[in-house]
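In: show me how the following folds:
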Amino acid sequence: MKRIIRLRRTTAFAPQPDDAGFGLIEIVVSMFLLAIIAIAFIPVLIQSLRTTARNAVIAAATQVVSSNIEDARSRGPLCSNVADFANDPSLDSMTIPAGHGVSLRVFRSPRDEPEHRDDTMTCPSDPGAYPTAISFTVTVTSTTDTNTVLAKATTLIFVKAAS
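Out: Sure thing, here's the model as predicted:
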């Protein structure tokens, strides 16, 4: 005798009226809403990247100012050594190695007014004027826009003699 096996139809995979899962439509709508929220944050991210790049340039300019002031102070107690450093044209232009492609222009002058940026530093010729403190200003600007000051500092350097 042959047995006939009957398969019973099950409803395990058929949707039930009390199913509480997510359907395809709900998932697509939630992905669409998430995309709209992400697009809204793109301008904020772009602005933060620009601000980060600008701050990196300002930090590099501040380091250039600080190193120039330390170099001037390290020239010793002679005014002529400080003046030679301040008037050296080979030190006027440098590029930031931070990868932002920004070139810096360095101004060293005895005064900090913008119209006197290119003045040369001279030492007092009267020996009775020494010892004294001479004013030394370092200003760093971008080579593309020399009117925008990125970093600036003025210090007094003690000198004992002219040369």
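In: format the CA atom coordinates belonging to stretch 134-143 as CSV.
Out: In CSV, the C-alpha atoms belonging to stretch 134-143 read as follows (Å, rounded to 0.1, in the frame of the first residue of the first chain):
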residue,chain,number,x,y,z
ILE,A,134,64.6,99.4,20.9
SER,A,135,61.1,98.7,19.6
PHE,A,136,60.8,95.7,17.3
THR,A,137,57.6,94.8,15.5
VAL,A,138,56.8,91.7,13.4
THR,A,139,53.7,91.6,11.3
VAL,A,140,52.6,88.7,9.2
THR,A,141,50.2,89.0,6.3
SER,A,142,49.1,86.8,3.4
THR,A,143,50.9,87.5,0.1
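In: how about the one helix or strand residue 141 maps to: buried residues?
Out: Using DSSP states H and E, residue 141 maps to strand 132-142. For strand 132-142, a neighbour-count test (16 or more other Cβ atoms under 10 Å) marks 132, 134, 136-142 as buried. Every residue, glycine included, has its C-beta placed from N, CA and C.
In: and for stretch 38-47?
Out: Buried residues in stretch 38-47, defined by neighbour count with 16+ other Cβ under 10 Å: none.
In: now swap in stretch 71-79 and tell me
Out: Applying 16+ other Cβ under 10 Å to stretch 71-79 flags 72, 75, 78-79 as buried.
In: same deal with stretch 139-158?
Out: 139-142, 150-152, 157.
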